[in-house]
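Asker: this is a predicted model, with the sequence first.
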Amino acid sequence: MRVGVACGGTGGHVLPGLVVAGALKARGHDVTLWLAGKTIESEIARRWDGALEMVPAAGFQEMSLLSSARAALSLFRSFCECRRRMKVHPPDVLLAMGSYASVGPALAARSLRVPLALHESNAIPGRAVAMLGPLAEAVAVSFPTAAPRLKGVRVEHTGFPVRPQIEKLAGAGRSWAGDFTVLVMGGSQGARILNESAPRAMALARVSAANLRVVHLAGPAWADRTRDAYSGLGIPAQVHGFFQDMALLYGRASLAVARAGAATCSELAIAGLPALFVPLPWAARDHQTANARAMAEGGAADMMPQALLTEERLAEYVVNVYKNPDDLQKMSAAGRRLAVPGAAQKIAELVERIGGG
């Protein structure tokens, strides 16, 4: 079966798309990735050894009339180019991972009568999935809370497809004995609020938690100054701009302090790693707050709005959970109850049913 996977735009769409594409390829299908040619895609695309199509597209990132018109024109051009290319060797089914870059391939597929499947990563559906939903045979969701917002659409709760090495953490044990390691991470580019607040907060917390250690993913632009901040405060910290082996960090950490992107929420749940989420307040449709709230209501995490985050409050929170390992154990167990292992295979099976393969 020929399968197209449209997953360009952002790392939060490319990475899960690549995981599902790999699962489909392993099941014997001929898979083509459809990307948008963005810089963030280049490193990820190098891991793919199958067919690849690059078609530029732009999203609606600003609300001005001019920027919206430009984005609409870009998407129309993307649709036309995708249709031209897809018409030569049409897939039997197309899976779109929900970014603006998937709109062109998805509309091209439907114009050629190719069945369409969608995946929505977040607890609140984004614009692309909301628009394309009525055209799709089914929408796979990571968070069950997304389903009621997709009216008149067949929805399946498949979970979020994580990398195989993280999937292996699903059954791993977790202990809070020994060093208490806080993993601070703000996404691929880092989070300024965490980079500026965490060093001083950890210094305050270490007064009550002598064995506290820190691993901080600050983003490439912030790594040096964040490392200097910890060093100046005498805090034992490993600071990285980027770290490839996240499974290693999840396995060693005691607590995560993080943004609430869909990938982060899903990976922490599978790893059984308790978290304090500080959602990005200007994320589209405030989806990070919805993601964090779903995790918190499930007992797997706590949430602190960025507007309320201070060094003192962060330090107080860390000390509190440090002194209550039973609470951490309960959060870990709750995370694993929320997790959906095998998401990539579930989505692959859905694609096969839709494509008749």
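Answerer: Good, I have the coordinates. Residues are numbered from 1 along each chain as shown.
Asker: quick one, domains of the chain?
Answerer: Here the domain parsing of the chain from automatic domain parsing is 2-161+342-355, 167-338.
Asker: worst mean pLDDT among those?
Answerer: Mean pLDDT values for the domains of the chain show the minimum at domain 2-161+342-355, a mean of 91.
Asker: ends of that domain, how far apart?
Answerer: 9 Å (C-alpha to C-alpha, to the nearest Å).
Asker: what segments of the stretch 51-200 of the chain are strands?
Answerer: 51-54, 93-96, 116-120, 138-141, 155-157, 180-185 (DSSP state E, counting those that start in this stretch).
Asker: sorry, back to before: tabulate the domains of the chain in a markdown table, adding columns for mean neighbour count.
Answerer: No exception for glycine: its C-beta is placed from N, CA and C like everyone else's. Formatted as a markdown table, those follow (neighbours: other C-beta atoms under 10 Å):
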| stretch | mean neighbour count |
| --- | --- |
| domain 2-161+342-355 | 20 |
| domain 167-338 | 19 |
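Asker: next one: the residue sitting furthest away from the middle of the chain from residue 322, what distance?
Answerer: For the chain, the largest distance from the centre (C-alpha atoms, centre = their mean) belongs to residue 207, which lies 33.9 Å off. Going from residue 207 to residue 322 by C-beta to C-beta, to the nearest Å gives 11 Å.
Asker: centroid residue for this structure?
Answerer: The chain, centroid-nearest residue using C-alpha atoms, centre = their mean: residue 263 at 2.3 Å.
Asker: thought that one was touching residue 121?
Answerer: Yes: the pair residue 263 / residue 121 is scored as a contact, 7.3 Å apart, by C-beta atoms under 8 Å.
Asker: who touches both of those two?
Answerer: 12, 16, 160 (C-beta atoms under 8 Å, 6 or more residues apart in numbering).
Asker: can you check which helix is longest in this structure?
Answerer: Secondary structure of the chain read by DSSP state H shows that its longest helix is helix 65-88.
Asker: which strands and helices lie in contact with it?
Answerer: Here helix 65-88 touches helix 103-111, going by 3 or more C-beta pairs under 8 Å, 6 or more residues apart in numbering; DSSP states H and E.
Asker: give me the contacts around the helix it packs on.
Answerer: Counting by C-beta under 8 Å, 6+ apart, 4, 6, 34, 55, 57, 75, 78-79, 81-83, 86, 90-91, 94, 96, 115-116, 118, 128, 131-132, 135 sit against helix 103-111.
Asker: distance of residue 39 relative to residue 309?
Answerer: In terms of C-beta to C-beta, residue 39 sits 30 Å off from residue 309.
Asker: please enumerate the helices of this protein.
Answerer: Secondary structure of the chain (DSSP H): helices located at 11-26, 39-45, 65-88, 103-111, 127-132, 164-167, 192-206, 223-233, 246-252, 262-271, 287-297, 311-322, 325-338, 343-355.
Asker: what residues are up against residue 85?
Answerer: 53, 55.
Asker: repeat for residue 240
Answerer: Contact partners of residue 240, counting by C-beta under 8 Å, 6+ apart, are 215, 216, 217, 218, 223.
Asker: nearest to residue 192, of those?
Answerer: Closest approach to residue 192 among the contacts of residue 240 (C-beta to C-beta): residue 218, at 9.5 Å.
Asker: related to what we said a few turns ago, out of the helices of the chain, flag the one nearest residue 145.
Answerer: Residue 145 lies closest, by C-beta to C-beta, to one member of these: helix 287-297, at 5.3 Å.
Asker: can you show me the CA trace of that closest one as PDB?
Answerer: C-alpha atoms of helix 287-297 as PDB (Å, rounded to 0.1, in the frame of the first residue of the first chain):
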ATOM      1  CA  HIS A 287      -3.400  24.400  23.900                       C
ATOM      2  CA  GLN A 288      -0.500  24.000  26.300                       C
ATOM      3  CA  THR A 289      -2.700  25.000  29.200                       C
ATOM      4  CA  ALA A 290      -5.300  22.500  28.100                       C
ATOM      5  CA  ASN A 291      -2.600  19.800  27.800                       C
ATOM      6  CA  ALA A 292      -1.300  20.600  31.300                       C
ATOM      7  CA  ARG A 293      -4.700  20.700  32.800                       C
ATOM      8  CA  ALA A 294      -5.500  17.200  31.300                       C
ATOM      9  CA  MET A 295      -2.300  15.800  32.900                       C
ATOM     10  CA  ALA A 296      -3.000  17.600  36.200                       C
ATOM     11  CA  GLU A 297      -6.700  16.400  36.400                       C
END
